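Student: Test case, fold it:
(2 chains)
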Amino acid sequence: MEDLRATTVTDDPVQRRDLILLARAREGDLDAFNDLVVVYQDLLYALVVRMVPDRDQASDAVQEAFFSAYRNMEGFRGGSVRSWLSRIAINAAMDAQRLKKRRPADPYPELEDDTWQPPADPSADPVTTSLAAERHRALNRALAQITDDQRTAIVLYDVEGYDYAEIAELTRVSVGTVKSRIHRGRLAMRGLLSDRMDLFRG
Amino acid sequence: MAEQDRGSDDPQLAAIARHALHDEELIAAFAARDVEDAGDAERARSLVERCAFCRDLHRDLTSIRTVIRASGTAAERAATRPAPRDFRLTADDAARLRPGSPIARVAARLGWRARVGLGVAAFGRPVGAAMATFGVVGLLIGSLTLGGSPLASTTGAAAPSAAPGMDNTGPAPETTDNRFSYGPLSTAKGGVEAGPTSGRDGGSLSGSIVLLGGSVALLAGGLMLILASRRTLGAISTPRGN
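Tutor: Now for the predicted structure:
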């Protein structure tokens, strides 16, 4: 069996653990693969649900991502297991978006609730905290209403910190198209938030 | 009073009309510091400085970007919010998905046969029928062309003009002894001589033979395909265990 540790950085204990689990999974140890699932399922769901706001579709996409990862374990070429799984999940999310376009099944999807808030500053007063929560809810609603392509580009660039070239590679479009999607997406969000912009102007 | 109102609205309306011509996507790119071309950057800066609406747009887009960036990465969200269900794979999932599993190996080994079988079942009958039809037509044409030339040459029972497929537009025979000299025929001397059109007729003969051979092969292949399609369909429609 190929020793993945020989070709990758192993200083990071998390990465080393992931590589060992993946190596065991490649040898047929299902429990090892499921350990990876347990470690990363929350992360991948949190990533996918922002791209596919319908919770059921997001769950299906994450499940499909883990199926795909299991099927293609031999294709892992070293590096970060987390990045590898994230890329698979992003692809699964985009597939779910395409499927949704072809077969808009549920007219009343159960959208991801927006009760999650960024950690509040402990020193902030209640009014500030309340405004931040309201701003966050408005933002999520606007994000859910722009096009899938724009949302994907904005989430990957602004939230997850991928660069333009990485997003272009993941979404199989040019860097210029990625930039345009991000800019148009923000313009569309501004239009959707026109009556709530006071929340954002600080 | 109305005059006064109109007067106060006009500059506002004019500004809106002017702003409608401004490139908002350029302002969005400028707000994201994504304008690479120096000329475009200068144009965007000028719009933001001179147009109040562009200035508002720039400020709003910058604010939206800031808020989005602070809205929590997947890792931050995952730390406090678990996924709504367990995505671990079952043994059945693994057996179905793993390329190296016994089931997958058997499926891979039998896969091409199943695919061929399905292809035969789906297209065997129409393709076979078409092949058989071409075969029959080819046989007919081949037998006609083959029947024409040698008949004339070997028996001499038919005149050249009567033989199907014979070219009777050539030069007329000069003597009666030479009247059969159009094809690869036996002459009065008993030997085989090449007449004026013997090369062409030889080609026609071999062409006919090739046509006949090909037609027989097409007919046989078509019939076999039809039979195979019927057998495959029978195998598919037969319930398992019966």
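
Student: any weak-confidence spans in the chain?
Tutor: In the absence of a named chain, this looks at chain A. A:1-10, A:103-122, A:202 (pLDDT under 70).

Student: wait, I meant chain B there
Tutor: B:1-9, B:99-122, B:147-203, B:232-242.

Student: where do the helices sit along it?
Tutor: Using DSSP state H, the helices of chain B run over B:2-20, B:24-31, B:38-50, B:52-69, B:74-80, B:91-97, B:102-155, B:198-237.

Student: can you give me the angle the fourth one makes with helix B:38-50?
Tutor: Right, the one you point to is helix B:52-69. Angle between the axes of helix B:52-69 and helix B:38-50 is 110 degrees (criterion: axes from the mean of the first three to the mean of the last three C-alpha atoms, to 10 degrees).

Student: now for helix B:52-69, which elements pack on it?
Tutor: Contacts defined by 3 or more C-beta pairs under 8 Å, 6 or more residues apart in numbering or on different chains; DSSP states H and E place helix B:52-69 against helix A:126-145, helix A:175-192, helix A:197-200, helix B:2-20, helix B:24-31, helix B:38-50. Bear in mind the C-beta positions are built from the backbone N, C-alpha and C, glycine included.

Student: Spatially central residue in chain A, please.
Tutor: For chain A, the residue sitting closest to the mean C-alpha position, by C-alpha atoms, centre = their mean, is A:L47 at 2.3 Å.

Student: Return the distance of that one relative to A:I90.
Tutor: In this view, A:L47 and A:I90 are 7 Å apart by C-beta to C-beta, to the nearest Å.

Student: for A:G176, same thing?
Tutor: A:G176 sits 20 Å away from A:I90, going by C-beta to C-beta.

Student: Likewise for A:S180?
Tutor: 19 Å.

Student: and if you look at B:R96?
Tutor: 24 Å.

Student: Among those two, which residue is more densely surrounded?
Tutor: Under the neighbour definition other C-beta atoms under 10 Å in any protein chain shown, B:R96 and A:I90 were set side by side, and A:I90 has more, 24 against 16.

Student: doesn't A:E169 make contact with that one?
Tutor: No - A:I90 lies out of contact with A:E169 (C-beta atoms under 8 Å); the separation is 10.6 Å.

Student: quick one, helices of chain A?
Tutor: A:13-26, A:30-51, A:55-71, A:81-102, A:126-145, A:148-154, A:164-171, A:175-192, A:197-200.

Student: Make JSON lines from those and add distance to chain B to it.
Tutor: What follows is the helices of chain A, written out as JSON lines (distance: least, C-beta to the nearest C-beta, whole Å):
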{"stretch": "helix A:13-26", "distance to chain B": "9"}
{"stretch": "helix A:30-51", "distance to chain B": "4"}
{"stretch": "helix A:55-71", "distance to chain B": "5"}
{"stretch": "helix A:81-102", "distance to chain B": "8"}
{"stretch": "helix A:126-145", "distance to chain B": "6"}
{"stretch": "helix A:148-154", "distance to chain B": "6"}
{"stretch": "helix A:164-171", "distance to chain B": "9"}
{"stretch": "helix A:175-192", "distance to chain B": "4"}
{"stretch": "helix A:197-200", "distance to chain B": "4"}
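
Student: Could I get those helices in a markdown table, plus columns for distance to B:R125?
Tutor: Converted to a markdown table, those look like this (distance: least, C-beta to C-beta, whole Å):
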| stretch | distance to B:R125 |
| --- | --- |
| helix A:13-26 | 45 |
| helix A:30-51 | 45 |
| helix A:55-71 | 36 |
| helix A:81-102 | 32 |
| helix A:126-145 | 52 |
| helix A:148-154 | 44 |
| helix A:164-171 | 45 |
| helix A:175-192 | 48 |
| helix A:197-200 | 67 |
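
Student: And the residue nearest to A:L30 when sequence neighbours are not counted, how far from B:D86?
Tutor: Of all residues not flanking A:L30 in the chain, B:A94 sits nearest, at 4.8 Å (C-beta to C-beta, 6 or more residues apart in numbering or on different chains). B:A94 sits at a distance of 15 Å from B:D86 (criterion: C-beta to C-beta).

Student: So what's the residue count around the nearest residue to A:M197 once chain neighbours are set aside?
Tutor: Excluding its sequence neighbours, the residue lying closest to A:M197 (C-beta to C-beta, 6+ apart) is B:D60, at 5.6 Å. Using other C-beta under 10 Å as the criterion, B:D60 is surrounded by 22 other residues.
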